[in-house]
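Student: Structure for the following, please:
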Amino acid sequence: MVDISAYVDDAFIGQIGVAKGGRRIIDVQERAQLLEALDGSSYQVSAGGSLSNSIVGVARLGMANSSLTDSGPLRIGMLSVAGSDAQGAFHNAQMQQAGVQLLSSPCPGSATGTVIVMTTPDANRTFMSYLGSSQELQLTAEAEAAISSTRLLIIEGYLWEMQGATKAIGRAISLARGSGATIVLTTGDPGLVARHRQEFWEQLDSGSVDVLFANREEAEQLLGRAVAASQAALELGSMCSVAAITDGPNGSYISALGRLQSIPPFWREHPPMDTCGAGDAYTAGFLYGFLSGLDVASMGRFSARVASAVISRPGACLSAPEARQIVEQIPAIAEQHRHGAILAMADGLSSPIR
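Tutor: Residues are numbered from 1 along each chain as shown. Down below sits the predicted model:
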């Protein structure tokens, strides 16, 4: 997807027929009308989509670490469904510049999807998504070869909106399992989960998912009821090895092998400017921490810092300078958790036996 990001007021959101903070799928005519209505606004265009934001973040964190430690860069590939239009060429160029290898070619005559991201003064964001040409999700030979040798396969929940998703995702999981890879599933947004709840549960029930990412609203849609983020993490964590549930300003909860970790939010000096991409950034930080061998609590704290960097200014993707700054903090984050664990143990030893 290509993101078109603009700042609007609450009155504008009220006029376009979508709930504030929500997402609605639109056709090409509605997109043209909305862009015309935004004509007087200043907006920026960037390579986007939830998965793109996350893996660009992982790639930039990897490049930052490579420059600091002389280690080799991460090898990251993406099965892209960009169209053969100018927007698709722009998206693919941006991904390649970020160090992401594309594992498919545009379908001739196809149109790239776009997401109009509207941010209000309270840093909330509302999405209007044009999905582009109807393309069938298929695995190329290059993609199958990459999946067969990967350490980690990320499946973006938005894929369920594509034709052929069930077959292609099943094939990808089978190939990744054969190589011993870790399977990661992200849930996208609450509306998506509501529409494709059965598909998500089929993956969870079959034991196909190792790591699940969701926010509290998405977790509630999965579970079918209102629930605290901590409880959601425990319940969904019983279906996979790790479940990370974010809860906005309340931080996040991570259930790992039956143990719950509460991760506080990380705040910068200034209040958030734009929450678009916060969950994608959190996912990027967590996955990079996983690949770097951090413990679960340190992964969570690292993820909170990555998300904080993204929401502190306009734009949904981690920048290269931000990545370098955050990677430099890894030793301090790990030491902070180690010290906290020692204090917790000492407190436990001094407590009366019950």
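
Student: what's the burial count for residue 197?
Tutor: 15 (other CB atoms under 10 Å). (C-beta placed from N, C-alpha, C; glycine too.)

Student: ok, residue 74 to residue 328 distance?
Tutor: 17 Å (CB to CB, to the nearest Å).

Student: For those two, work out which one has more neighbours and name it.
Tutor: residue 74 (22 against 12).

Student: which residue sits closest to the more buried one in space, ignoring its chain neighbours?
Tutor: residue 62 (3.5 Å; CB to CB, 6 or more residues apart in numbering).

Student: my guess is the one you found is in a helix, correct?
Tutor: Yes. Under DSSP: H, G, I helix; E, B strand; the rest coil, residue 62 falls within a helix.

Student: So it is in contact with residue 100, correct?
Tutor: No. Residue 62 is beyond contact range of residue 100, at 10.7 Å (criterion: CB atoms under 8 Å).

Student: got any residues that touch both of these two?
Tutor: Shared contacts of residue 62 and residue 100 (CB atoms under 8 Å, 6 or more residues apart in numbering): residue 76.

Student: Let me see the residues that make contact with stretch 243-251.
Tutor: So stretch 243-251 is in contact with 211-216, 219, 229-230, 232-233, 236-237, 252-255, 262-265, 275, 278-279, 282-283, 286, 300, 303-304, 307, going by CB under 8 Å, 6+ apart.

Student: Of those, which belong to helices?
Tutor: 216, 219, 229-230, 232-233, 236-237, 278-279, 282-283, 286, 300, 303-304, 307 (DSSP state H).

Student: Please report the distance of residue 138 from residue 100.
Tutor: Counting by CB to CB, the gap from residue 138 to residue 100 is 19 Å.

Student: More neighbours: which of those two?
Tutor: More crowded of residue 138 and residue 100, by other CB under 10 Å: residue 100, with 22 against 16.

Student: any idea how far that one lies from residue 270?
Tutor: With CB to CB as the criterion, residue 100 and residue 270 are 30 Å apart.

Student: and if you look at residue 37?
Tutor: In terms of CB to CB, residue 37 sits 30 Å off from residue 270.

Student: helices and strands around whichever helix or strand residue 115 is part of, which ones?
Tutor: For residue 115, the host element (DSSP states H and E) is strand 114-119. Applying 3 or more CB pairs under 8 Å, 6 or more residues apart in numbering; DSSP states H and E, one finds that strand 114-119 contacts strand 2-7, helix 28-37, strand 125-130.

Student: That one pairs with which strands, parallel or anti?
Tutor: Neighbouring strands of strand 114-119 in its sheet, by DSSP bridges, are strand 2-7 (parallel), strand 125-130 (antiparallel).

Student: Just send the helices and strands packed on strand 114-119 back as TSV, with distance to residue 51 and mean pLDDT too.
Tutor: Shown next, in TSV, are the helices and strands packed on strand 114-119 (distance: least, CB to CB, whole Å; pLDDT from 0 to 100):
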stretch	distance to residue 51	mean pLDDT
strand 2-7	13	90
helix 28-37	21	90
strand 125-130	14	91
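
Student: If anything else comes up later, I'll come back, but that's it for now.
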